[in-house]
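Chemist: Sequence first, then the predicted structure, then my questions.
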Amino acid sequence: MTHRSIAVTRVVNSCVLLELDGHAVLTDPWFTERWWLRRGEPLGLRISDLPPLTAIVVTNLATNHWDLRGLRMVPDKDSTPLYVPTAGMARRARALGFRHAERLRWGQTREIAPGLSMHVVPSGRTLVWPNNAYVFGTAAARVFFGGEAGGVAPLERYRAGHPPVDLALLPVNGLQPRIGPRLVMDPALAVAGAGVLGAGVLIPVHDAHGHDPLSRLFRTNGTAADAVALAGPELRVVDLPTGKRWEPAH
């Protein structure tokens, strides 16, 4: 992973600006709060701060990953590809003006820019709806983004047939309903998942959770700092504050 091949800026939750060989990819857009859904951490970038986007990718249909109100304000909607896991999400995106909105199924690939590939990885389901994870590949680096990843097993299946990644972005707050199964990885699972993927660097996402009416129905089970403490010598965990741009060292 070369110094110039990648940069990461965390926006909030699983919304991240990835710069890959000069191409800007926005993940899980979330820019506008609701009275019932708060960030719990500062917003790292506003929509007006974004560079021209090569693509937008979405892992699942929860509002804090799929902010339709915020997406209305994104410029160049008619020319920016937007990739989502369900047909209904694609229809709603096209209704907002994203002419190139497309549903992608697990296992599909796209060349989203010259020299920048994307592979869709299974990432479990929210109720009956599929969650996507994405692996981006350039000549110099491979990046795994799993904004709603819940377990290690899908990563093991992916890794069995694919080369390792350099960088993994995985959830760490272990969000779980008061009654029901855990929705996303906790710190131990994120560290284990990064190891399965062969990543040398883990950047935690899906970390904070605001105090709002929904928070009464859920509990969290860890933070990025916990992932830092759990990592062994072969894995660097970068606890990246929102708004701070990270690049690998020379």
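Modeler: Everything's here; your move. Numbering: from 1, shown residues only.

Chemist: Now do the spatially most central residue of the chain, the pLDDT please.
Modeler: Compute the mean C-alpha point of the chain, and by CA atoms, centre = their mean the closest residue is G147, 3.4 Å away. In this model, G147 is scored at 97, pLDDT.

Chemist: Contacts for the top helix by length along the chain, please.
Modeler: As assigned by DSSP state H, the longest helix anywhere in the chain is helix 187-197. Contact with helix 187-197 is made by 144, 146, 149, 151-152, 155-156, 158-159, 164-165, 168, 170-172, 174, 185, 201-202, 204, 222-224, 226-227, 229-232, 234-235, 237, as judged by CB atoms under 8 Å, 6 or more residues apart in numbering. Using the backbone N, CA and C atoms, a C-beta is placed for each residue, glycine as well.

Chemist: List the ones among those that fall in helices.
Modeler: L155, E156, Y158, R159, A224, D226, A227, A229, L230.

Chemist: Mind picking the two most distant members of the residues you listed?
Modeler: Distance extremes for these: the farthest pair is Y158 and A229 at 26.6 Å, using CB to CB.

Chemist: the more surrounded of those two?
Modeler: The residue with more neighbours, out of Y158 and A229, is Y158; 22 against 11, by other CB atoms under 10 Å.

Chemist: Was I right to think the more buried one contacts Y134?
Modeler: No - with contacts counted by CB atoms under 8 Å, Y158 stays clear of Y134, the gap being 11.2 Å.

Chemist: which residues do those two both contact?
Modeler: With CB under 8 Å, 6+ apart as the test, Y158 and Y134 both reach V121.

Chemist: Now do the SS call for S48.
Modeler: What DSSP: H, G, I helix; E, B strand; the rest coil gives for S48 is helix.

Chemist: Can you give me the separation between it and P75?
Modeler: Note on S48: its distance to P75, by CB to CB, to the nearest Å, is 9 Å.

Chemist: Of the ones in helices among the contacts of helix 187-197, which is the nearest to L26?
Modeler: A224 (20.5 Å).

Chemist: For the closest one, which residues are in contact?
Modeler: V172, P187, P204, D207, V237, D239, L240.

Chemist: Can you list the low-confidence ranges for this structure?
Modeler: 1-4, 250 (pLDDT under 70).

Chemist: Tell me where the longest strand sits in it.
Modeler: The longest strand of the chain (DSSP state E) is strand 116-126.

Chemist: Tell me what angle the next helix-or-strand element following it forms with strand 116-126.
Modeler: Going down the chain from strand 116-126, the next helix or strand is strand 129-137, by DSSP states H and E. Relative orientation of strand 129-137 versus strand 116-126 (axes from the mean of the first three to the mean of the last three CA atoms, to 10 degrees): 160 degrees.

Chemist: Tell me what angle strand 129-137 forms with helix 153-160.
Modeler: 30 degrees.

Chemist: residues of stretch 169-177 that come out buried?
Modeler: L169, L170, P171, V172, N173, G174, L175, Q176 (16 or more other CB atoms under 10 Å).

Chemist: for the fifth one, what are its contacts?
Modeler: Contact partners of N173, counting by CB under 8 Å, 6+ apart, are V184, D186, H206, D207, A208, H209, T220, N221, G222, T223.

Chemist: tell me the SS of the fifth one?
Modeler: Recorded secondary structure, A208: coil (three-state DSSP).

Chemist: State the distance from it to L230.
Modeler: 18 Å.

Chemist: next one: the fourth one
Modeler: When distance is defined by CB to CB, D207 is 14 Å away from L230.

Chemist: Could you check which of the two has the larger neighbour count?
Modeler: D207 (26 against 17).
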